[in-house]
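Chemist: How does the following fold in three dimensions:
(one chain, ligands or ions: 1)
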Amino acid sequence: MKNVIQRVSRIALMVAAVGWQSSVQAHQAHPIAIALHGGAGTITKADLSESQEQAYKNALSLALNTGYQLLENGANGEDAVVAAIQIMEESALFNAGVGAVYTYNEEHELDASIMHGASRNAGAVAGVKTIKSPIAAALAVMNHSPHVMLTGEGAEQFSVEQGLAQVENSYFNTQRRLDALKKAKASLQTSVTYDHLFSADAEYKFGTVGVVVLDKAGNLVAGTSTGGMTAKRYGRVGDSPIIGAGTFADNQSCAVSATGHGEYFIRYNVAADICTRMAYQGVSLKEAADTVIHKVLKPAGGDGGIVAVDKFGNVAMPFNTEGMYRASIDAMGTQVIAIYTDEKM
Ligand code: ASP
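Modeler: Model prediction:
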């Protein structure tokens with residue numbers, strides 16, 4: 001009897017070992033990975049009730065698993081990126097699509113971009129007011145136009161011609177963002193600057209969304225969508241639709257989506273800088289991303305963070321603010337859903 005039990009457990013161990021090996025090999029043959037953010041900023045445990053925290057984590061988890069399942073089924077990276085971003089664009093929790101922040105004139109002007117790492121093809125829209133899903137419009141620019149970035153009315157006309165859903169600008173309205181606008185405008189009438197609002201005011205959280213993936217074909221894709229900055233004026237455009245600043249992908253190095261104070265991300269070319277460091281210096285994704293976010297951006301005064309994935313399916317999600325809504329599944333299948341600093345990997 002004892003022998004039988006020993007034999008059975010030996011076989012069980014062998015089966016388990018083979019199963020484990022084949023799942024590692026399966027991962028290695030066609031590794032897939034996904035990482036996403038829902039914005040970085042002054043987010044502490046004290047700012048969120050338990051139910052708010054749960055709502056964010058549920059939304060992150062839904063976007064994450066939607067994207068991951070598409071990748072598992074062999075979908076293109078760009079389709080996984082767009083599907084995951086659209087879940088967050090449709091959620092009022094994030095500053096993208098519904099729930100986008102207000103401009104100074106009490107409207108919404110949305111920005112989005114997407115980049116494919118095989119061809120370095122890219123598409124972006126900026127300052128659009130009536131396109132229901134800005135990330136879908138960015139994808140259409142990438143796939144169906146000879147251009148990289150379309151702005152304002154031209155982008156809207158193109159998206160109509162592409163058959164994309166159009167909405168009234170009020171479709172993006174939420175009371176919470178209107179209250180934030182009123183508060184920001186009152187502060188800006190005193191000596192408070194935009195820089196101060198971005199770095200210090202707990203009410204003035206970010207909430208841009210972004211997704212990066214490695215698909216089964218080995219392609220890296222990055223996408224970002226945002227309402228930009230509360231109380232922005234004069235057609236201000238941030239980093240999110242700017243290839244190299246808020247979004248970048250190159251199959252030889254990495255895919256990056258950024259969130260934070262866009263003016264700094266533009267000036268420091270953050271997303272491209274991370275990938276370029278990997279390519280030219282031969283450093284790991286983690287090292288390149290940590291260096292840019294903590295040692296370059298932070299000393300310069302730039303608040304925010306990024307999510308990134310490399311060609312092996314490694315994930316990095318550094319940020320230099322108090323929190324960043326983030327989630328990932330790397331090539332080994334390890335899942336992370338987190339908000340605060342102390343939940344850092
Ligand atoms: N980066 C965005 C912008 O400056 C804002 C954000 O990430 O929250 O438009």
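
Chemist: what residues are up against the closest residue to the ligand within the stretch 51-200 of the chain?
Modeler: At 5.7 Å from the ligand, Asn95 is the closest residue in the stretch 51-200 of the chain, using C-beta to the nearest ligand atom. Glycine gets a C-beta too; all of them are placed from N, C-alpha and C. Contacts for Asn95 were tallied using C-beta atoms under 8 Å, 6 or more residues apart in numbering; they are 39, 101, 177, 206-209, 226-228.

Chemist: ok, 6 Å please
Modeler: The neighbourhood of Asn95, defined by C-beta atoms under 6 Å, 6 or more residues apart in numbering, consists of 101, 207-208, 226-227.

Chemist: Could you report the pLDDT at Lys344?
Modeler: Lys344 is assigned 50 on the pLDDT scale.

Chemist: Tell me the helix or strand right after the longest strand belonging to the chain.
Modeler: Under DSSP state E, the strand in the chain containing the largest number of residues is strand 33-41. Towards the C-terminus, the helix or strand next in line after strand 33-41, according to DSSP states H and E, is helix 50-72.

Chemist: The stretch 1-150 of the chain against the ligand: which residues are in contact?
Modeler: Along the stretch 1-150 of the chain, the residues adjacent to the ligand under the rule C-beta under 6 Å from any ligand atom are 39, 95.

Chemist: residue ranges of the helices in the stretch 1-150 of the chain, please?
Modeler: Secondary structure of the stretch 1-150 of the chain (DSSP state H, counting those that start in this stretch): helices at 2-29, 50-72, 77-89, 134-144.

Chemist: what helix or strand does Ala231 sit in?
Modeler: With elements taken from DSSP H and E, nothing contains Ala231; it lies in neither a helix nor a strand.

Chemist: pLDDT weak spots in this structure?
Modeler: Within the chain, the segments meeting pLDDT under 70 span 1-28, 191-192, 194-205, 344-345.

Chemist: which residue is nearest the middle of it?
Modeler: Note on the chain: the residue nearest the mean C-alpha position is Gly210, at 1.5 Å, using C-alpha atoms, centre = their mean.

Chemist: Is the ligand within reach of the helix or strand hosting that residue?
Modeler: In the assignment (DSSP H and E), Gly210 maps to strand 209-214. No - using C-beta under 6 Å from any ligand atom, no contact is recorded between strand 209-214 and the ligand, whose separation bottoms out at 8.3 Å.

Chemist: so how far is whichever helix or strand comes after that strand from its chain's centroid?
Modeler: The C-terminal neighbour of strand 209-214 among helices and strands, as given by DSSP H and E, is strand 220-226. A distance of 6 Å separates the C-alpha centroid of strand 220-226 from that of its chain, computed with C-alpha atoms, centre = their mean, to the nearest Å.

Chemist: in its sheet, what does strand 220-226 sit against?
Modeler: strand 110-116 (antiparallel), strand 209-214 (antiparallel) (DSSP bridges).

Chemist: Can you say which of those strands is packed in most?
Modeler: Ranked by mean neighbour count, the strands paired with strand 220-226 are led by strand 209-214 with a mean of 34 (mean count of other C-beta atoms under 10 Å).

Chemist: orientation of it relative to helix 50-72 in degrees?
Modeler: Compare the direction of strand 209-214 with that of helix 50-72 by axes from the mean of the first three to the mean of the last three C-alpha atoms, to 10 degrees and you get 30 degrees.

Chemist: Off-centre distance for strand 209-214?
Modeler: Counting by C-alpha atoms, centre = their mean, strand 209-214 is centred 5 Å from the centre of its parent chain.
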